[in-house]
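Engineer: give me the fold of what follows.
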Amino acid sequence: MTQAPDDDARARFEALAAEVAEPVRRFLARRTDPDTADDVLAETLLVCWRRLDQVPDPALPWVYGVARNCLANEERSGRRQWRLAAKITVVDPPQEAAPADDEGSGAEERVAAVLATMRPEEAELLRLWAWEQLGPSEIAAVLGLTPNAVSIRLHRARGKFKDELRKIERAGGHEAVREGRDT
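Structural biologist: Here you go, the predicted model:
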């Protein structure tokens, strides 16, 4: 008995979703809050379903690109909502604002601070390389660049990251550990 076309598409989508759901969930969790990550993952999988015939092999870099676009749409929507809330608070200000939590300056906070100083394109390049463990050709597929351009930009971004991290550590009273001998 042969499968109907709808059954074949469903089976292909289920296999794709099983392959990419968890890596994309981690990808999004490192970039936004858990609720937004779940919403964007659902939107990403919906795009995958709608464009199932366009999904290349390997699928993961392409799906990361879709997730980036869905997250960018969500962030734009969030900024619009924030601007609206700001207008409303001018008209009807809240009674009291709660103070922000001030946690210690651990490694995660320093990395976040350094990434915040970098251009968004450089920060995303480093996230794809370090957090998602993608190679230049896979990053190129995500960002729509050539692998050579990714290699060059990645080299520069890593150097900038190291320089910025040293500045933050020195400003915080931390001395950088030096390896090797002085010349």
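
Engineer: residue 13: neighbouring residues, count only.
Structural biologist: When counting by other C-beta atoms under 10 Å, one arrives at 15 neighbours for residue 13. In short, each C-beta sits where N, CA and C put it, glycine included.

Engineer: state the pLDDT value of it.
Structural biologist: Taken from the predicted model, the pLDDT recorded for residue 13 is 95.

Engineer: can you give the contact residues for the one helix or strand it maps to?
Structural biologist: Residue 13 belongs to helix 5-29 when elements are defined using DSSP states H and E. Taking contacts as C-beta atoms under 8 Å, 6 or more residues apart in numbering, the residues outside helix 5-29 that touch it are 3, 36-38, 40-41, 44-45, 48-49, 52, 55, 59-60, 63-64, 67, 71, 131-132.

Engineer: could I have the buried ones of the residues you listed as PyMOL selection syntax?
Structural biologist: Here is the PyMOL command that selects the buried residues among these (16 or more other C-beta atoms under 10 Å):
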select buried, resi 36+37+40+41+44+45+48+55+60+63+64+67+71+132
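
Engineer: OK, contacts around the residue nearest to the spatial centre of the chain?
Structural biologist: The geometric centre of the chain, computed from its C-alpha atoms, lies nearest to residue 31 (C-alpha atoms, centre = their mean), at 4.4 Å. Contacts for residue 31 (C-beta under 8 Å, 6+ apart) come out as 37, 71, 127.

Engineer: for residue 146, which non-adjacent residue is spatially closest?
Structural biologist: Spatially, and ignoring its direct neighbours in sequence, residue 146 is nearest to residue 140 (5.8 Å; C-beta to C-beta, 6 or more residues apart in numbering).

Engineer: mind giving me the packing neighbours of the helix or strand where residue 163 lies?
Structural biologist: For residue 163, the host element (DSSP H and E) is helix 147-171. Applying 3 or more C-beta pairs under 8 Å, 6 or more residues apart in numbering; DSSP states H and E, one finds that helix 147-171 contacts helix 107-117, helix 120-130, helix 136-143.

Engineer: thanks a lot, see you next time.
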